[in-house]
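1. Based on what follows, work out the 3D shape:
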Amino acid sequence: MYIGKVKMNNQWQELEALIQTQVEGQSAFSFDSAVTYQIQSESKYGARLCEAADTPADDTEGFVISGDKTAHFQPQTGLKLYVRHVAETTCPPMLLKISTLGEA
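-> Numbers count the residues shown, from 1 in each chain. I've put the predicted structure just below:
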């Protein structure tokens, strides 16, 4: 099921909060640990993802999904998914699409 699309920038941002503030009808959204999510970058630069308890200190933590590739994510208790785009300069808005793959 398609959840929505969010804009990200070159600073670490919590994906759950981006969904809550940017996707209409999702102000109470929270990731469910029983669900696997698909995250797709919509940019030629790609996105960096990092699952952590707190905002990552290093811009190169986590892993990169290049171009329009996808990643699968299943939330873990106590950790948040942080996202940022990988472009070093100001560029057009970078987008991520989020959907579910299945529910328990």
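2. what pairs with the host helix or strand of Tyr82, and is each one parallel or antiparallel?
-> Per DSSP states H and E, Tyr82 falls inside strand 80-85. Partner strands and pairing direction for strand 80-85 (DSSP bridges) are strand 13-14 (antiparallel), strand 47-52 (antiparallel).
3. Give me whichever of these is most buried.
-> Most buried of the strands paired with strand 80-85 by mean neighbour count (mean count of other CB atoms under 10 Å) is strand 47-52; its value is a mean of 20. No exception for glycine: its C-beta is placed from N, CA and C like everyone else's.
4. Now the element after that one, going C-ward?
-> strand 63-65.
5. Now find how far off-centre that next one is within its chain.
-> 11 Å (CA atoms, centre = their mean, to the nearest Å).
6. If we ignore the residues flanking it in sequence, what's nearest Gln13?
-> Among residues not flanking Gln13 along the chain, Val83 sits closest, at 5.9 Å (CB to CB, 6 or more residues apart in numbering).
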